[in-house]
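Student: Prediction below, plus the sequence it came from.
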Amino acid sequence: MPSNANRCLIGSQQLNRMDAKCSHAPFFTAVLLSISTVALAHQGVQNEAVKARMHSMMGLDDDLKLMIAMAKGEKAMDADAAQAAVQRIKAGTPEIATLFKAPETDPKSEALPTIWDEFDQFTTLAQELEQAAAKAAPTIQDRPTLAQAVANIGGACRACHRRFRK
């Protein structure tokens, strides 16, 4: 049985870690798979508004990927860098509603038309991401607190992507 020193909190679950890295591989793998397809989708986009949306979302993805790599122990834990990444996510989220306001499409876009049918719900989910980032930034001190921040921010991303992304 692992000692209390070998436990990490993620959401309301307490997960045993089997090594010193406090790896939450299944969760982090799901988040990475969810966001890594964005880079592939950028190739061949013709609509400039869609390109701008994708570019903005990719910046958020890059910050989340950095946080995941630190939380998994793939990169050295740097609380200042993680907090800066969270602050960039928080600063970038108000732009989401503006970038998606016009119903711009492109064959390469992963945005579902329901965004514009349910735009109030879409913007609410963007605001929830901003709130998750705002709450996370001051709490990040070490891998377990970073893992919690990733869980909360990743959960907000997933909630929107499940509903509004192909």
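Tutor: Happy to help now that I have it.
Student: C-alpha from now on. contacts and neighbour counts both.
Tutor: Fine.
Student: Next, the buried residues of the longest helix seen in the chain.
Tutor: Assignment by DSSP state H gives helix 48-72 as the longest helix of the chain. By neighbour count on 16 or more other Cα atoms under 10 Å, the buried set for helix 48-72 is 49-51, 53-54, 56-58, 60-61, 63-68, 70-72.
Student: Starting from residue 78, give me the distance back to residue 139.
Tutor: 13 Å (Cα to Cα, to the nearest Å).
Student: Between these two, point out the one with more neighbours.
Tutor: residue 78 (17 against 14; other Cα atoms under 10 Å).
Student: ranges for the strands of the chain?
Tutor: Secondary structure of the chain, counting by DSSP state E: strands at 7-10, 13-16.
Student: Output stretch 131-151 as CSV, nothing but the C-alphas.
Tutor: What follows is stretch 131-151, C-alpha atoms only, in CSV (Å, rounded to 0.1, in the frame of the first residue of the first chain):
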residue,chain,number,x,y,z
GLN,A,131,-13.0,30.9,-14.5
ALA,A,132,-11.2,27.5,-14.2
ALA,A,133,-7.9,29.2,-15.3
ALA,A,134,-8.5,32.1,-12.9
LYS,A,135,-9.0,29.7,-10.0
ALA,A,136,-6.0,27.5,-10.9
ALA,A,137,-3.3,30.1,-11.3
PRO,A,138,-2.7,31.0,-7.7
THR,A,139,-2.9,27.3,-6.5
ILE,A,140,-0.1,25.9,-8.6
GLN,A,141,2.9,25.1,-6.5
ASP,A,142,4.0,21.5,-7.3
ARG,A,143,3.0,18.5,-9.5
PRO,A,144,-0.1,17.6,-7.5
THR,A,145,-1.5,21.1,-7.6
LEU,A,146,-0.6,21.4,-11.3
ALA,A,147,-2.4,18.1,-11.9
GLN,A,148,-5.5,19.5,-10.3
ALA,A,149,-5.3,22.6,-12.4
VAL,A,150,-4.9,20.5,-15.6
ALA,A,151,-7.9,18.4,-14.6
